[in-house]
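> Predicted model and sequence below, questions to follow.
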Amino acid sequence: QVQLVESGGGLVQAGGSLRLFCAASGRTFSSVVMGWFRQAPGKEREFVGAINWSGGSTLYAASVKGRFTISRDNARNTVYLQMNSLKPEDTAVYYCAAGYTLGAATSGYLYWGQGTQVTVSS
């Protein structure tokens, strides 16, 4: 069992940066894949990126590649999403999730946080 709590969201101007945090509880954190997803109003939840248990492999959506970076600190049970060059279309609720397979499908993740709002103004 893994419990997840996101933080770090807020309001930022286009071109700015934010860093999201996902704090996990549970003894199995270091063995799970961690993913970030987002959901804008009226849209389906979409994949942002994911990182494997060691941090050695990452996967990103084409829309954020080169702007967003995922990292993790297993000693702190925390995963991070560094978001640079933010655009208004990045506005959404951002969720972290935990699973066992590195991939983009929501069905591959078993545990979800409650989400944190990111708003990018133009």
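Nice, I can see it.

> Any idea how many residues pack against residue 97?
Neighbour count of residue 97, defined by other C-beta atoms under 10 Å: 24. For every residue, glycine as well, the C-beta is placed using N, CA and C.

> Could you pull up the contacting residues of it?
4, 34-37, 106, 109-113 (C-beta atoms under 8 Å, 6 or more residues apart in numbering).

> Try it again at 10 Å.
2, 4, 22, 32-37, 45, 47, 50, 79, 106, 108-113 (C-beta atoms under 10 Å, 6 or more residues apart in numbering).

> Restricted to helices, list those residues.
Using DSSP state H, no member of these falls within helices.

> which among those residues end up buried?
Buried members of the contacts of residue 97, counted by 16 or more other C-beta atoms under 10 Å: 2, 4, 22, 32-37, 45, 47, 50, 79, 106, 108-109, 111-113.

> Phi first, then psi, for residue 2.
phi -130, psi 130 (degrees, to the nearest 10).

> How much space separates it from residue 112?
10 Å (C-beta to C-beta, to the nearest Å).

> Need the residues touching each of those two.
Contacts common to residue 2 and residue 112, judged by C-beta under 10 Å, 6+ apart, are 97-99.

> need those in a markdown table with secondary structure and pLDDT, can you?
Converted to a markdown table, these look like this (DSSP: H, G, I helix; E, B strand; the rest coil; pLDDT from 0 to 100):
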| residue | secondary structure | pLDDT |
| --- | --- | --- |
| 97 | strand | 97 |
| 98 | strand | 95 |
| 99 | strand | 94 |
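
> Pick out whichever of those residues sits closest to residue 91.
residue 97 (19.6 Å; C-beta to C-beta).

> Who are the contact partners of the closest residue to residue 24 other than its chain neighbours?
Excluding its sequence neighbours, the residue lying closest to residue 24 (C-beta to C-beta, 6 or more residues apart in numbering) is residue 77, at 4.6 Å. Going by C-beta under 10 Å, 6+ apart, residue 77 touches 2, 4, 22-27, 29-30.

> Which members of those are the farthest-apart pair?
Top of the distance list for the contacts of residue 77 (C-beta to C-beta): 22 and 27, 16.7 Å.

> Bridge partners for the residue nearest to the spatial centre of the chain, pull those for me.
For the chain, the residue nearest the mean C-alpha position is residue 36 (2.5 Å; C-alpha atoms, centre = their mean). Beta-bridge partners for residue 36, by DSSP bridges, are residue 49, residue 96.
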